[in-house]
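> fold the following for me, if possible:
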Amino acid sequence: MWYGVLCGLAAGSMWGMVFVMPKWLADFSPFELMFGRYVAYALISLVLLAPRLGGLLRQLTRADYLLLLRYALTGNVVYYLLLSCGVQMAGVSAASLIIGMLPLTISLLGRSDHGSVSLRVLAWPLALVAVGMVCINVEVFGGAAGQGAWTRVATGMFCAVGALVSWTWYAVDNTRFLKRNPRFSSGDWSGLFGIASGLVALAMGLVAFGFYGAERAAAPPRDWLRFWLLITLVAAGASVIGNQLWNMACRRVPVTLSGQLLLFEILFGLLYGYLYQHRAPRPLEVLAIVLLIGGVAWSVWLHAERRPARRGIRSGVF
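Numbers count the residues shown, from 1 in each chain. Next comes the predicted model:
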């Protein structure tokens, strides 16, 4: 289990970049960010899987293809499109309030899975998480009210809610699939997932750019070299490496614990946001970070405490 926890931490360090990329590339729309990231992800995956891609495709059933399509939409394309809108309209911290509820929603959805700890047992760690996420955003909403920007913030938060729902279903269903299907390694499944996401993004991009191509051609020039450099960096780190690490974690920890591990993404996202803004966290934000880390550590301890007892029961029966 501990190796899975470390993989989840490493995945969070990669995924945290997605919270600041919309700020790095503020001249580009959320749709352009989504399109570039997943097309780059698909191209990198194609290169990595090229020697064995034919064999992998022959293993896929019709149900697998449909599942990859659903995962590409819910776990990547739709999720990141909504998240980018949330970050650009409401800010990094405000979007984190909603996405930070993933431990709660995933624990709720996966509460009946094998090896999961009941919500009653996890109530206090989850309460720490909830209080921590509220602390992060108290000042954000106060500032928004003073600036008369409630409509923009509320729209961004609504987009973040959509991202939360989308990724909750993907995270739980993908974890269940990986536990049932050892025929795919974590890296192979991540690569197939990336190719599917790139194809969906490419299809959506061709339709969108076909409708708005003339308007975009007349738009002021932008730094496309910087765009593709940063997009490729995030695609390689957050998508290729991060997703493979997450798949490795999912195979080694219960669903309820995997939900808690997603807080590492939020924590690293906040860290990168502070570095981008060249400022230290405020006292309330420091308190929130301490609460988040405490909630995750407590949850990991509860899961670890449960494991020896379950092994003892098995050895006594058999």
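
> mind listing what's buried in stretch 6-18?
7-18 (16 or more other C-beta atoms under 10 Å). To be clear about C-beta, it is placed using only N, CA and C from the backbone, and glycine gets the same treatment.

> nope, stretch 61-68 is what I was after
Residues of stretch 61-68 classed as buried by neighbour count (16+ other C-beta under 10 Å): 64, 67-68.

> now tabulate the buried residues of stretch 6-18 in TSV and tack on pLDDT, secondary structure and distance to Ile231.
Formatted as TSV, the entries for the buried residues of stretch 6-18 read as follows, by pLDDT from 0 to 100; DSSP: H, G, I helix; E, B strand; the rest coil; distance: C-beta to C-beta, whole Å:
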residue	pLDDT	secondary structure	distance to Ile231
Cys7	89	helix	25
Gly8	87	helix	25
Leu9	90	helix	25
Ala10	92	helix	21
Ala11	91	helix	19
Gly12	89	helix	20
Ser13	91	helix	19
Met14	93	helix	15
Trp15	87	helix	15
Gly16	88	helix	16
Met17	88	helix	11
Val18	84	helix	11
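
> returning to that earlier point: could the buried residues of stretch 61-68 go into a markdown table alongside secondary structure and pLDDT?
Listed next are the buried residues of stretch 61-68 as a markdown table, based on DSSP: H, G, I helix; E, B strand; the rest coil; pLDDT from 0 to 100:
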| residue | secondary structure | pLDDT |
| --- | --- | --- |
| Asp64 | helix | 94 |
| Leu67 | helix | 95 |
| Leu68 | helix | 95 |
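
> list just the nearest of those residues to Leu233.
In terms of C-beta to C-beta, no member of these lies closer to Leu233 than Leu68, at 24.7 Å.

> which residues does that closest one contact?
Leu68 makes contact with 60, 192-193, 196 under the criterion C-beta atoms under 8 Å, 6 or more residues apart in numbering.

> need the max-distance pair from these.
Longest distance between any two of these is 11.9 Å, between Leu60 and Phe193; criterion C-beta to C-beta.

> which one of these two has more residues nearby?
For Leu60 and Phe193, the more surrounded residue by other C-beta atoms under 10 Å is Phe193, and the numbers stand at 26 against 13.

> wait, the more buried one touches Asn76, no?
Yes - taking contact to mean C-beta atoms under 8 Å, the distance of 7.4 Å between Phe193 and Asn76 places them in contact.

> what residues does the spatially closest residue to Gly269 that is not a sequence neighbour make contact with?
Distance criterion C-beta to C-beta, 6 or more residues apart in numbering; nearest residue to Gly269, sequence neighbours excluded, is Phe19 at 3.4 Å. With contact taken as C-beta under 8 Å, 6+ apart, Phe19 is in contact with 83, 87, 92, 95-96, 269-270, 272-273.

> columns neighbour count, distance to Val165 and secondary structure on top of the residues you listed, output as TSV?
Output for those, formatted as TSV (neighbours: other C-beta atoms under 10 Å; distance: C-beta to C-beta, whole Å; DSSP: H, G, I helix; E, B strand; the rest coil):
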residue	neighbour count	distance to Val165	secondary structure
Leu83	28	12	helix
Val87	30	17	helix
Val92	23	20	helix
Ala95	31	14	helix
Ser96	27	16	helix
Gly269	25	19	helix
Leu270	23	22	helix
Tyr272	20	24	helix
Gly273	20	23	helix
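
> tell me which of the residues you listed is nearest to Arg120?
Looking at those and their distance to Arg120, the nearest is Ser96, at 26.9 Å (C-beta to C-beta).

> ok, that closest one to Ser107 distance?
Computed with C-beta to C-beta, to the nearest Å, the distance linking Ser96 and Ser107 is 18 Å.

> same question, Phe193
Shown here: Phe193 relative to Ser107, a distance of 23 Å by C-beta to C-beta.

> do Ser239 as well
From Ser239 over to Ser107 the distance is 25 Å, taken as C-beta to C-beta.

> same question, Val296
12 Å.

> check Leu73 too.
According to C-beta to C-beta, Leu73 and Ser107 sit 23 Å apart.
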